[in-house]
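Trainee: Below are the sequence and a predicted model for it; my questions follow.
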Amino acid sequence: MKPVLYLGLDIGSISINTVLIDQEKAIVENHYHFCHGKPFHLLHDILSDIYKRYSQNETPVIALTGTGGELARDLIGGQYVNEIIAQSEAVGTLYPEAKTVIEMGGEDSKLILMHSDGEQETSRLSDFTLNNLCAAGTGSFLDQQAKRLGLSIEKEFGQMALKSEEPPRIAGRCSVFAKT
């Protein structure tokens, strides 16, 4: 008998992140796909691909999070989990030594603080904050700027940012002004 798998889908504004884990919480496979403005078409393709390779009996639990998570739950079923709860639970279980999580989403950026009392095998959510002004400092904004500069966001943009001696402060201002 094949092991039972759990399917997690993070349906964001620019990508869908997919993970399949087994009963021991080991990652069986994970994927990152850009939506290109059509997240539910992509979701259909992702689910079709997964169910070609695994039976629905093998993936009895589907958890959804992200911007499109609630709507997707209404369409396909499953359980919706708030993004911050999902991220802190995953980090607390898989990386209990982590104290800080920074997530650059397409629509917002999150700072999640984790706490461990040292007696448990996991850590837990202690506090969090989100950017509050506008799109500046989000993944979508940074992706747009990389494209404007003709750079790969995955490779060149990050490497150049690490070399900066005086990085501009863009997250604290409107993205329209930050672009200039």
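Mentor: Looks like it arrived, so ask away.
Trainee: Residue 28 falls within a helix, correct?
Mentor: No: applying DSSP: H, G, I helix; E, B strand; the rest coil, one finds residue 28 to be strand, outside a helix.
Trainee: Please give me every residue in contact with the nearest residue to it once chain neighbours are set aside.
Mentor: The shortest distance from residue 28 to any residue other than its chain neighbours is 4.3 Å, reached at residue 20 (CB to CB, 6 or more residues apart in numbering). Every residue, glycine included, has its C-beta placed from N, CA and C. Counting by CB atoms under 8 Å, 6 or more residues apart in numbering, residue 20 touches 5, 6, 7, 8, 27, 28, 29, 30, 50, 54, 59.
Trainee: Tell me the confidence at residue 93?
Mentor: Looking at residue 93, its pLDDT stands at 87.
Trainee: Low-confidence stretches in the chain?
Mentor: Across the chain, the ranges flagged by pLDDT under 70 are 1-3, 132-137, 169-180.
Trainee: could you pull out the strands for this protein?
Mentor: 6-11, 15-21, 27-34, 61-65, 79-80, 100-104, 109-115, 124-130 (DSSP state E).
Trainee: Identify all contacting residues around the longest helix seen in the chain.
Mentor: Longest helix of the chain, by residue count under DSSP state H: helix 39-53. Contacts to helix 39-53, defined as CB under 8 Å, 6+ apart, come from residues 7, 9, 11-13, 16, 18, 20, 31, 33, 35-36, 59, 68, 71-72, 75-76.
Trainee: From one end of stretch 54-73 to the other, what's the distance?
Mentor: Using CA to CA, to the nearest Å, one end of stretch 54-73 lies 20 Å from the other.
Trainee: ok, for residue 128, nearest residue in space, not its chain neighbours?
Mentor: residue 112 (4.7 Å).
Trainee: Relative to residue 125, how far out is residue 157?
Mentor: 30 Å (CB to CB, to the nearest Å).
Trainee: same check, this time on residue 27
Mentor: 21 Å.
Trainee: Compare the two and say which is more crowded by neighbours.
Mentor: For residue 27 versus residue 125, neighbours defined as other CB atoms under 10 Å are more numerous around residue 125 (17 against 11).
Trainee: what's near enough to touch the more buried one?
Mentor: 84, 85, 88, 92, 112, 113, 114, 115.
Trainee: mind giving me TSV with those residues and columns for distance to residue 161?
Mentor: Listed next are the contacts of residue 125 as TSV, based on distance: CB to CB, whole Å:
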residue	distance to residue 161
84	25
85	29
88	26
92	28
112	21
113	23
114	24
115	29
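Trainee: Done for today, thanks.
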